[in-house]
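> Fold the following and give me the result.
(chains A and B)
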Amino acid sequence: DSGVTQTPKHLITATGQRVTLRCSPRSGDLSVYWYQQSLDQGLQFLIQYYNGEERAKGNILERFSAQQFPDLHSELNLSSLELGDSALYFCASSVGGQSNSPLHFGNGTRLTVT
Amino acid sequence: KNQVEQSPQSLIILEGKNCTLQCNYTVSPFSNLRWYKQDTGRGPVSLTIMTFSENTKSNGRYTATLDADTKQSSLHITASQLSDSASYICVVSANYGNNRLAFGKGNQVVVIP
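Predicted structure coming up:
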């Protein structure tokens, strides 16, 4: 068990809708990262937060947004959903905000857009 | 072009046999290289992390090697078990930039009895 909790595990919704994915990092970890993994694709970095502040941004669409709250949990908001947004969304956490900090991944939220 | 290339994309091996997975990268300046194991439908789990000065690191039946000069790494699985069936992801970390982790697409390993 990595200690990173993601909810919900599965989500099925229709095109055009909006969903929120939630992540609770491992106890003591200040950084939260969001990744998207489409079928047969590698993990694509979306965004990183460190202690409540945005630290780095990757290939995140404008329809997507995220935030990290004072209790360090994070939410990823996906709006105006399209069929191509169907994927596994992973959250990872680390103690520090630098790239040499080990990452601990949750088990993901599987999003299906119909 | 992806900064981290893994080969083979997939392979099937018999239970009990050994196999070696390859990772070539172009990330520079290099900070560290990690191998993760990802079971189907689960999050990746760290196997090894190696810095520039480390040539080899083991975790049970998994042994990773690193040649920072040629920018190559390998992951060797000894005496494979059915539970080794998974995707093995090579991740390289750089010392600059906002998106500092470069992910390979993974080596899909299937162990058959």
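
> my guess is A:Gln17 contacts A:Leu83, does it?
No: contact criterion Cβ atoms under 8 Å: A:Gln17 and A:Leu83 do not qualify, at 11.9 Å. No exception for glycine: its C-beta is placed from N, CA and C like everyone else's.

> Between these two, which is the more surrounded one?
A:Gln17 (13 against 9; other Cβ atoms under 10 Å in any protein chain shown).

> What's the per-residue pLDDT of the more buried one here?
Looking at A:Gln17, its pLDDT is 97.

> ok, now B:Asn95?
Note on B:Asn95: pLDDT of 70.

> Which other helices and strands does the helix or strand of chain B at the bottom of the mean pLDDT ranking contact?
Of all helical and strand segments in chain B, the minimum by mean pLDDT, DSSP states H and E falls on strand B:101-103, at a mean of 87. Here strand B:101-103 touches strand A:44-50, strand B:86-94, going by 3 or more Cβ pairs under 8 Å, 6 or more residues apart in numbering or on different chains; DSSP states H and E.

> Do a quick rundown of the strands in the chain.
You didn't pick a chain, so chain A it is. A:5-7, A:10-13, A:19-24, A:31-37, A:44-50, A:53-57, A:64-68, A:74-78, A:87-94, A:104-105, A:109-113 (DSSP state E).

> meant chain B, my bad for not saying
For chain B, the strands defined by DSSP E occupy B:4-7, B:10-14, B:19-25, B:30-38, B:45-51, B:56-59, B:62-67, B:72-77, B:86-94, B:101-103, B:107-112.

> Dump these into JSON lines; add mean neighbour count as well.
Compiled in JSON lines, the strands of chain B are given as follows (neighbours: other Cβ atoms under 10 Å in any protein chain shown):
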{"stretch": "strand B:4-7", "mean neighbour count": "18"}
{"stretch": "strand B:10-14", "mean neighbour count": "12"}
{"stretch": "strand B:19-25", "mean neighbour count": "19"}
{"stretch": "strand B:30-38", "mean neighbour count": "22"}
{"stretch": "strand B:45-51", "mean neighbour count": "18"}
{"stretch": "strand B:56-59", "mean neighbour count": "14"}
{"stretch": "strand B:62-67", "mean neighbour count": "19"}
{"stretch": "strand B:72-77", "mean neighbour count": "20"}
{"stretch": "strand B:86-94", "mean neighbour count": "23"}
{"stretch": "strand B:101-103", "mean neighbour count": "23"}
{"stretch": "strand B:107-112", "mean neighbour count": "18"}
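
> wait, which of those is closest to A:Tyr50?
strand B:101-103 (14.2 Å; Cβ to Cβ).

> Neighbouring strands - and their directions - for the closest one?
Paired neighbours of strand B:101-103 in the sheet (DSSP bridges): strand B:86-94 (antiparallel).

> Name the residues that touch the strand it pairs with?
A:42-43, A:99-100, B:3-4, B:6, B:21, B:23, B:25, B:27-40, B:44, B:47, B:73, B:75, B:100-109 (Cβ atoms under 8 Å, 6 or more residues apart in numbering or on different chains).

> Go again with 7 Å.
A:99-100, B:3-4, B:6, B:21, B:23, B:25, B:27-39, B:44, B:73, B:75, B:100-104, B:106-109 (Cβ atoms under 7 Å, 6 or more residues apart in numbering or on different chains).

> tell me the angle that strand makes with strand B:30-38.
Taking axes from the mean of the first three to the mean of the last three Cα atoms, to 10 degrees, one finds strand B:86-94 and strand B:30-38 inclined to each other by 160 degrees.

> I'm done for today, thanks for sticking with me.
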